[in-house]
Each structure stands twice: as C-alpha cells, then as structure tokens.
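Asker: Quick one: sequence and predicted model below, then my questions.
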Amino acid sequence: MGFDLLSQPIKKYIRDKGWSELRPIQNAAISRILTTNNHYILASRTASGKTEAAFLPILSKVDFDEMGVQVLYVSPLVALINDQFNRVEELCENLDVRVTKWHGEAKVSLKKQLVKQPSGIVLITPESLEAMFVNKPYQIKSLFFNLKFVVIDEIHAFIGTDRGIQLKSILSRLQDINQNKFRVIGLSATISKTAYNEAKAFTGDIEKTKILVDKTKKPINVNFKYFESESTQLPLALLKDLYLTTKNDKVLIFPNSRGRVEEVAVKLKKISDRVNGHKNYYSHHSSVHKDVREYVEFFAKNNEYESFCIACTSTLELGIDIGTVNTVVQIDATHSIASLIQRVGRSGRKDGQKGNLFLYATHSWALLQALACWLLYQEDFIDPPTIKTKPYDILVHQALSIAKGSSGVLINSLVQQLLNNFAFKNIDEVEIREIISHLIKNDWLEQLRHEVIIGIEGEKIVNSRDFYSVFQVEETFKFQHIGKTIGEIPFSIQIRENENILLAARIWKITYVDFKARKVIIIPAKDGKPPLFFGGARDVHETIRQKMFDIILDNSTFEYFDEKSQDEIEKLRNDFSCFNIQNTAEQRPLLSSEGKLEFYTFTGTRTNNTLKMLFDLAGINSILNDTESVFYFDMSKDEFKLLWSDLKELLPDIDSNIAKVLIQSPDIINFSKWGEYLPLKYQAILLEKQFYDVKNTKLFFEQTFFIDNK
DNA sequence: GACCTGCTGCGGATTG
C-alpha cells in the first residue's frame, strides 16, 4: 500500500492526524509518484483529498536541503493559495521546509527573503510567474533552476482557456531554465475523457503523463421545481418556496447572474426578517468587494451550528474552503455539465453524507436544459472543452513578454524559443515570423540589426500593470459607504444619483457619482433594483442541445420532478408532436405557418453563431434565439430550402468570408485581449475557432434533414 | 436573460 512507501516524518504526520486509512486516489498517487518518473493528472471529485495525494509523496521524495525552490504550486485563485498555504504548512510540520506565498497580495518582505535564499515550496498564480519572467529575468533562474515538482491545482479551470495556454507557455519556459526536468502533478475535478489529452498537454510530454481517476460520485438527492416567470424578476411563489426549502440549512444558491444573486439574497432576507428567521443571507460574486466576500467565506467556514444562505455566481464554484454546505440550489440551467458537477460537489462534503440539489426553473427551455445536464451527468458525460489549436494571440503576449524580459533578443532566438515552446506546438515558423514582422511594423517591437527590443508603442503595453494577464476586464465604479468599499460595478445607466441599487445583499441609494475618480457614494435604503450587467451569454455544447431534443421526443417521466415540471415538459412535447421525427440525430424541425418560419437547430451555440453568419452573408434575414436554439425567418419553407442549398456553397471559402466579417465589424475580435495585435488573417482564424465552429457546421450541413410540420 | 480569474515598481506621504 501507499503508506509503507512514505518517509518517516510523513508517516508520523498521518498517524498524528489519526487517519485510519488513505483515500483511493491518495494510495494510487503515492505509489505511482514514488516509484515512477511519470507526470500525473489526479482526477477525482471535490473534497476527495487530492492536495494530500500530491503532497504526501512529493514531501517524502524531495530533499529540501538542496539549493533552489524544490516545489512550485500553481493555483488559479489567490484565495485558494491562502487556503492551501495553511494546509501545506501543516503537512510540513515534521519537516524543515520553508513555504512561501507569492501573489499580488503577499508580503513583499517574504518574497525578498525567498529571492535572497531560494528554497522550499512556493505557492503562486500564473500572472505572478509571468511578472517574474518580465521583471526578474535573472532571479527566476536562481529561484527555479533546481525545481523538482510543479503541482497545478484545479487544472480543469485552465483546460481550454487562454489562461491555460499562458500557463503552458510559462511552464515550457521554466522547463528551459531547469537543470533537470521537473515533474508535473495536475489536480483536477472530474473531467471529460475527451479532455484527457488536453490535461496531459500541460506537462509538455503527453506520452509520459498518466491519468489517475477516481470515478466515485457523491450520492445526491435531486429535486426539480418549476415556477413560471412572467417578468424579469423571480416569481414570488418561487422565492417563498425557496425560503421554506432552505431556511434551516447551510445553503449555496446559484442563480446564474450577478443581478439575480442580489435579487435572491435581498428578497430571501426580507422574507426571513418578516418571520424572524436567521439573518445570515449573503451574496458572493465578482462585484462584491473582496473584504466583504472574505467575511462571507469566513462566516460560512467558522460557524458550526447556525444556518446560512449564500447566493453566488461561479466565484464559489472552485475549491475555496467554505466548510460544510448541505444543500445546493441551481436556479435555471447551468450552461455546462462540468459546471453542474462542480456546483453539486459543494454539498455534502462530510464523508458518507448525501448531497442535496434543488433545480428550480422559471421557463420551459431552462427546465429542459437543466434536465438534459442532469441526465448527461448521470450518464457520466461531461462537455468537452473547446480547444484552440493555434493560439496566435497568446503567442503575441509571450513574444512581448520574452522581449521585455530579455531586454534585447536575437530575432532567430525569439523565433526558436516560441517554436520550441510546447504551448505553441501547432504554430509553424513561417507564421511566427509573420507575426513578429507585424509587431515590428506597428512599433510594438523594434528591430536593431538582428535583434528586437520592445518598441515605442510596445512600452505602453508591457509597462502597464494589466500586462501580466491574458484576459480582458471592464473598468468599474467603486461603490463606497462611509469610506468602506462595498463593491465594484461596471458602468451602466443605473449609475446616477438618486438611483437605488442592490449590492452585497443590501439595498442602497446612490447619493453622489464622481465620474472622474469612478467612485459612487451610497447610503442604505429600503427598496431598490438589482444591478445591471452586460455580458455575453455562455456557450452551450451541441450534446446538451441534442439531449434536449431527445427528451422532447421520448415520453419518459422523472420521479424527481414536481407536478408542474412534468406538465411543462409535456407541453413542449405537445408543441413538437406535429413533427414525425424518426431520427433525432439527423432530423431537425422546420415549423411553418403563414409566411413565418421557425428552424429548430438543436445544436451548439458556436454552430448557431456560424449558421447566423452564413445567413447574413447570403443576405437572408434571420433572428437567432440561442436559448431555444431556434432561427426565425420571414419566408416560406420552400424558399428557405432553396436558399439552404446555396449556403453550402459558402462553406469551402469560409476563411475569406470570416475575414470579410472582421473587416465589416472589427470589434468582433474583442473577446481576445491580444487578438488586436495580430495580422487580420490570424484574427480570422482565431475568430473561426473561438466564436464559430466551422467543423461542426460542416457536419451539420451533411447530416441535417428538415422535417416539416404536419 | 448573459461568469470568473490577476497585478510591478516606484515615489511620496504618514506613522511608530
């Protein structure tokens, strides 16, 4: 067993803890990490002891008397670093190892101490690593030349994201300055089989990376409830039911948007006040100030007996420790199965305890989507990540980072560094040279003979505090009450004097707006509106849409449904009963009535985006409602069918068509922070992969047959 | 209706 392989101090730690046995993932990880030289991805559900699974063997194996930092732990969240710092320090209590936090809010004096005498374990974010490469290029070598292990926590949060590509690039650069080769241990929540290779890609050596999976699921009691919504506000009946369901419990509520989070928190609190219930109603999302959020986390973690209710967005989806939660509520569907799994995983964290999940829906398509996600979760299907095979935009960022960090680099050397970087393995030399020339042409880089340095325009970019991250952020207004910041909200028409607004589960009146300093002064009020936010809807994968279609066309009933939920599903089934569908994989309903046409595609968001672009290019007027995956047209079905075959002609030349779209509306590339620094042709490829889905659209054209209504 | 994540280095004022 794993235990026997561990070193004496680690064995003592386990005995002192009184653990009677190790978890399956821990046993597996200990023997593999200690007896092989492979990289590992440890995939298992939340609270299954993954951190210990990685650190017990690593602490047994590594000789911390050696020079240089020995173990680097990378996390997507500062809050997680602060949590894990305490756990790692505890794990090290029988060892003489220095553990250092390194992120934007960590103590500068401790960072300086580490630089002076590099050793032990460092906990860091990808952005702080990026900053080290840019600002401390010489120190990074003395810090990390002798690194033995890199632990990537919550690696699923990096898979299929720009931040993940940045992290890969940084790890590749770290491996280059390492005297040996460090090993990588990735910790992941349950991920899709189709994501395995993508997870392995973080180590730079797919062949030598093995995945250890513990498929054990937490048993969950699930209940679906339906309350039709007739306005933008949540129905009172839903709120009352929600109050009664959760009033004596420790609860997380996920209502999908920041505005809704505030609405839920304030309205439940009001009900609770009226009937003398508990007062522990909180809201937790990115616009609530960090101090307030930390207080909420602290309260949830440290009170044993009191009930509480936190309405939140995906801020509480990742592994921040908030102690015991008994019940999770999801209002309307999650956009993905992965997200549902993460949220479900937050309940019933104690061993042997069942989790409780309530899925409330306010309209039939949300109910259908929630059900589809739940059924796919039961079938162990998880949506595959979207993979950007040619991340030109992140390459631009890394090229600037290397140029800044080296203060002068030979062009050939820069090209080689990018070419050898495993984050960019699908981008070839011709492309890299073309992109570098474009950077030089626009003064982001400057050529001096065979070298490049940062150009005049480039200086503005790399010297900004915003350089280290690869994601976009909106500018926000600070909301302050007697000198205390309550939250930060992006500009909207609501930000004006005498407007009342909900924030941090309280109601406020705006008394003063300072547009120059972006500051808003607020005082408590009695009544107000949820804050407005503008943001894109999130992509839904075609498998979820396919499942939704399958549910509509079969006749199963669900024991975890309330009566109204079953009624709503039956209504949808009835709406589609006018079609004689035999094969749900290939046939799609085309509903015509009096010159109007509805085309139900039941496909993914990006495929719908691509279809929409093709309709636009062909001059066909259409309206897309992605929530219901339906297009509306003002024409007869015969006209449409004729035009449809013409659309196919646009597909072979899709690249130049996408380039046309870009020229017409250059802002469409705004989803990528570094995309605007690319030549147009590379922007088009980025757009094709991230916003559209040409591959699946081609498949859709090949497979799809229309079925008319009777 | 429609999310989230991170942050250097320096100068100058303030405080113990």
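Answerer: Noted; the coordinates are in hand.

Asker: What parts of the stretch 551-700 of chain A come near DNA strand B?
Answerer: Taking Cβ under 7 Å from any atom of the strand as the criterion, the neighbours of DNA strand B within the stretch 551-700 of chain A are A:Asp626, A:Thr627. Every C-beta, even on glycine, is put in place using the N, C-alpha and C of the backbone.

Asker: For DNA strand B, what's the nearest residue on the stretch 551-700 of chain A?
Answerer: DNA strand B sits closest to A:Thr627 of the stretch 551-700 of chain A, with a gap of 5.4 Å, by Cβ to the nearest atom of the strand.

Asker: which ones are touching that residue?
Answerer: A:Trp365, A:Ala366, A:Ala537 (Cβ atoms under 8 Å, 6 or more residues apart in numbering).

Asker: So which of the residues you listed are in helices?
Answerer: In this view, these that belong to helices under DSSP state H are A:Trp365, A:Ala366.

Asker: Could you restrict the contacts of A:Thr627 to the ones contacting DNA strand B?
Answerer: Among the contacts of A:Thr627, proximity to DNA strand B is found for A:Ala537 (Cβ under 7 Å from any atom of the strand).

Asker: still on that earlier bit, pretty sure the residue of the stretch 551-700 of chain A closest to DNA strand B sits in a helix.
Answerer: Yes. The assignment for A:Thr627 is a helix, going by DSSP: H, G, I helix; E, B strand; the rest coil.

Asker: Which of the contacts of A:Thr627 sits closest to DNA strand B?
Answerer: Checking these against DNA strand B with Cβ to the nearest atom of the strand, the nearest one is A:Ala537 at 3.4 Å.

Asker: List the contacts of that closest one.
Answerer: Shown in contact with A:Ala537 (Cβ under 8 Å, 6+ apart): A:His335, A:Thr605, A:Asp626, A:Thr627.

Asker: most surrounded residue in the residues you listed?
Answerer: Using other Cβ atoms under 10 Å as the neighbour test, the contacts of A:Ala537 are led by A:Thr605, with 23 neighbours.

Asker: residues contacting it?
Answerer: Contacts of A:Thr605 (Cβ under 8 Å, 6+ apart): A:Ala537, A:Arg538, A:Asp539, A:Val540, A:Asp626.

Asker: Please, where are all the strands along the stretch 601-710 of chain A?
Answerer: For the stretch 601-710 of chain A, the strands defined by DSSP state E, counting those that start in this stretch occupy A:623-625, A:630-633, A:705-708.

Asker: Tell me which of the ones you listed is the most buried.
Answerer: strand A:630-633 (a mean of 19; mean count of other Cβ atoms under 10 Å).

Asker: now what about that one, what contacts it?
Answerer: Strand A:630-633 is contacted by residues A:596-601, A:608, A:611-612, A:615, A:620-625, A:640 when judged by Cβ under 8 Å, 6+ apart.

Asker: and those, which are buried?
Answerer: A:597-601, A:608, A:611-612, A:615, A:620, A:622, A:624, A:640 (16 or more other Cβ atoms under 10 Å).

Asker: Which ones among the residues you listed lie within helices?
Answerer: A:Asn608, A:Leu611, A:Lys612, A:Phe615, A:Phe640.

Asker: about what we covered before: would JSON lines of the contacts of A:Ala537 with pLDDT and distance to A:Glu434 be doable?
Answerer: Below are the contacts of A:Ala537 laid out as JSON lines (pLDDT from 0 to 100; distance: Cβ to Cβ, whole Å):
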{"residue": "A:His335", "pLDDT": "95", "distance to A:Glu434": "36"}
{"residue": "A:Thr605", "pLDDT": "95", "distance to A:Glu434": "31"}
{"residue": "A:Asp626", "pLDDT": "95", "distance to A:Glu434": "35"}
{"residue": "A:Thr627", "pLDDT": "93", "distance to A:Glu434": "40"}
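
Asker: Closest one of the residues you listed to A:Leu359?
Answerer: A:His335 (14.0 Å; Cβ to Cβ).

Asker: Now do the same contact list for the closest residue to the closest one other than its chain neighbours.
Answerer: Closest residue in space to A:His335, ignoring its immediate chain neighbours: A:Arg538 at 4.0 Å, by Cβ to Cβ, 6 or more residues apart in numbering. Residues in contact with A:Arg538, defined by Cβ under 8 Å, 6+ apart, are A:His335, A:Ser336, A:Thr605.

Asker: So which bits of stretch A:512-529 are buried?
Answerer: Neighbour-count burial for stretch A:512-529 flags A:Val513, A:Val520, A:Ile521, A:Ile522, A:Ala525, A:Gly528, A:Lys529 (criterion: 16+ other Cβ under 10 Å).

Asker: swap in stretch A:410-419?
Answerer: A:Ile411, A:Leu414, A:Val415, A:Gln417, A:Leu418.

Asker: can you check stretch A:70-87 too?
Answerer: A:70-85.

Asker: cool, stretch A:680-700 as well?
Answerer: Within stretch A:680-700, the residues scored as buried using 16+ other Cβ under 10 Å are A:682-694, A:696-698, A:700.

Asker: same question, stretch A:659-674
Answerer: Applying a neighbour-count criterion of 16+ other Cβ under 10 Å, one finds A:Ala659, A:Val661, A:Leu662, A:Ile669, A:Phe671, A:Ser672, A:Lys673, A:Trp674 buried in stretch A:659-674.

Asker: I'd like the residues you listed as TSV, with distance to A:Leu439 appended.
Answerer: As requested, the buried residues of stretch A:659-674 are exported to TSV (distance: Cβ to Cβ, whole Å):
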residue	distance to A:Leu439
A:Ala659	20
A:Val661	24
A:Leu662	19
A:Ile669	16
A:Phe671	21
A:Ser672	16
A:Lys673	15
A:Trp674	11
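
Asker: Check the stretch 101-250 of chain A for the residue nearest DNA strand B and tell me.
Answerer: Counting by Cβ to the nearest atom of the strand, the stretch 101-250 of chain A gets nearest DNA strand B through A:Thr232, at 2.0 Å.

Asker: which SS class is that residue?
Answerer: coil.

Asker: likewise the one 5 residues further on?
Answerer: The assignment at A:Ala237 comes out as helix when based on three-state DSSP.

Asker: I'd guessed it sits against A:Phe227; true?
Answerer: Yes. Here A:Ala237 reaches A:Phe227: they are 5.3 Å apart, a contact under Cβ atoms under 8 Å.

Asker: Between the two, tell me which one has more neighbours.
Answerer: Taking neighbours as other Cβ under 10 Å, A:Ala237 and A:Phe227 compare with A:Phe227 leading, 21 against 10.

Asker: Dihedrals phi and psi, the more buried one?
Answerer: phi -140, psi 110 (degrees, to the nearest 10).

Asker: Repeat that for A:Pro652.
Answerer: phi -60, psi -30.

Asker: Tell me how far it lies from A:Lys641.
Answerer: 21 Å (Cβ to Cβ, to the nearest Å).
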